[in-house]
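Colleague: Sequence first, then the predicted structure, then my questions.
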Amino acid sequence: MNRKRIRRLLAASMLGLFLLVAGLGGGTAALAHSGNSVAYSDIGLQDGSIAYDLRIDMYDLRLAVAPNDPDVGDFSPEVLQKFVTEHKDDVENYLLDKIHLYADSLPLDGSLLTLEATVARDQPYAEAILRFDLSGKPEHFVLDYQPIYDDVDQWHMNYVTLDLKQDGSDKQSYVLNFDKREVELGKISLLRAVKQFFILGIEHLITGYDHILFVLSLLIGARSIKQILGVVTAFTAAHTVTLLLAGFGVINLPGKLVESVIALSIIYVALNSILNKNASKHNLFLAFGFGLIHGCGFAATLSEMRLDGGQMAASLLTFNVGIEFGQLMIVLLLYPVIHYARRIRWTMPAMSATISVFGLIWLIQRAFL
């Protein structure tokens, strides 16, 4: 085969390939992401909340939210409006699952206000207006942006404009990509970290009904002030250890396992208090052993946050102190009730049986549902 014939074959092959690509260019995923997977985020304070204006490539969003939609390649106005109308809830769930904002380490609750089909860079885009509730201007702010990268296109880019002063004097710009998916601004002060996590610890304990019932079971099994101090101290020491270890990432147990064992601990200690005549002697060991698991449960709350690395130790410690303070309030409140209820013969067995029923319900929900 001479050189001239080889050149002709190569030229024909290149032409055929060009025509094939051109023929597929009417809406395929391959060409839709030829450097065009782009989003724009404008974030700022508005009326005491954070307003997030996200403009994102319509094809990317549709492919991520409704990948099996037969009209995903159709960009006619009617089809785009149909997607916006029918899939607004799906878009809200997707975006709020993939976009997380943190103010002073705490996650912000968000909602989708509006969703519209628009045009940017001569291409169809979706404009989503999100609002995130905010209690006050944060010292430490984090944007964690995860859409599109792992669902549709790893080459996706997000151009971010951020202004948290509401007057345009602190407007900053960032570019997020596959390797850099977050923006972090500021640093929480030690005073705010201590105050915030102390209150958070108290709230977590007094609203954690499973932890309260476990403590109540320990109190039912205790027969004296000395025994109460013993089990409370053992429980505190144990959950402090695992809370700190889990908080610093040294241990990481599956959440389902931890929550199931916590429910099991409630059942065991409650039944042990009424069926075992020597329950008071064993409660010290039970408090410590199960306290280790409860500490992992306390740490699960922190896993939902984005702690400022500079104040992580202070945040963990004050969160734990808040838990202890809440626990002390619970003990001081419940002990007089238990002390006087013992005078009625059937009261303690009835209370323990009721607690064990709650524990059983939680165990079934957490382990099997």
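Modeller: Cool, got the structure.
Colleague: For burial, what's the neighbour tally of E78?
Modeller: Residues contacting E78 under the criterion other C-beta atoms under 10 Å number 9. (Each C-beta comes from the backbone N, C-alpha and C, glycine too.)
Colleague: Please apply the same query to the one 3 residues further on.
Modeller: Each residue near Q81 was counted by other C-beta under 10 Å, and the total is 12.
Colleague: Distance check, it against I220.
Modeller: Distance of Q81 to I220, computed by C-beta to C-beta, to the nearest Å: 62 Å.
Colleague: where in this structure is pLDDT low?
Modeller: Scanning the chain for pLDDT under 70 picks out the ranges 1-36, 166-169, 279-280.
Colleague: could you pull out the helices for it?
Modeller: Under the criterion DSSP state H, the chain carries helices at the ranges 3-23, 29-32, 58-65, 77-86, 88-98, 190-207, 209-221, 225-247, 255-275, 279-303, 312-341, 347-368.
Colleague: Mind putting these into CSV with distance to I129?
Modeller: Below are the helices of the chain laid out as CSV (distance: least, C-beta to C-beta, whole Å):
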stretch, distance to I129
helix 3-23, 37
helix 29-32, 24
helix 58-65, 14
helix 77-86, 12
helix 88-98, 11
helix 190-207, 29
helix 209-221, 37
helix 225-247, 35
helix 255-275, 33
helix 279-303, 29
helix 312-341, 32
helix 347-368, 36
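Colleague: Of those, which is nearest K171?
Modeller: Each of the helices of the chain has some distance to K171 by C-beta to C-beta; the shortest is helix 88-98, at 23.0 Å.
Colleague: Just the buried residues of the closest one, please?
Modeller: Residues of helix 88-98 classed as buried: V91, E92, Y94, L95, L96, K98 (neighbour count, 16 or more other C-beta atoms under 10 Å).
Colleague: What are the neighbouring residues in contact with the nearest residue to V269 once chain neighbours are set aside?
Modeller: Closest residue to V269 in three dimensions, ignoring its sequence neighbours and counting by C-beta to C-beta, 6 or more residues apart in numbering: S217, at 4.1 Å. Contact partners of S217, counting by C-beta atoms under 8 Å, 6 or more residues apart in numbering, are I266, V269, A270, S273, S352, I355.
Colleague: neighbours around V269, how many?
Modeller: When counting by other C-beta under 10 Å, one arrives at 28 neighbours for V269.
Colleague: now swap in the one 5 residues further on and tell me
Modeller: Neighbours of I274 under the rule other C-beta under 10 Å: 19.
Colleague: ok, now which ones touch S303?
Modeller: If you count contacts by C-beta under 8 Å, 6+ apart, S303 has them with A246.
Colleague: could we number from 469 for the rest of this?
Modeller: New numbering, starting at 469: the last item is S771.
Colleague: rewinding a little: so can I have a markdown table of the buried residues of helix 556-566 showing distance to I791?
Modeller: Below are these laid out as a markdown table (distance: C-beta to C-beta, whole Å):
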| residue | distance to I791 |
| --- | --- |
| V559 | 38 |
| E560 | 34 |
| Y562 | 35 |
| L563 | 33 |
| L564 | 29 |
| K566 | 31 |
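Colleague: returning to what we had before: separation between the residue nearest to V737 and R691?
Modeller: Distance from S685 to R691, counting by C-beta to C-beta: 14 Å.
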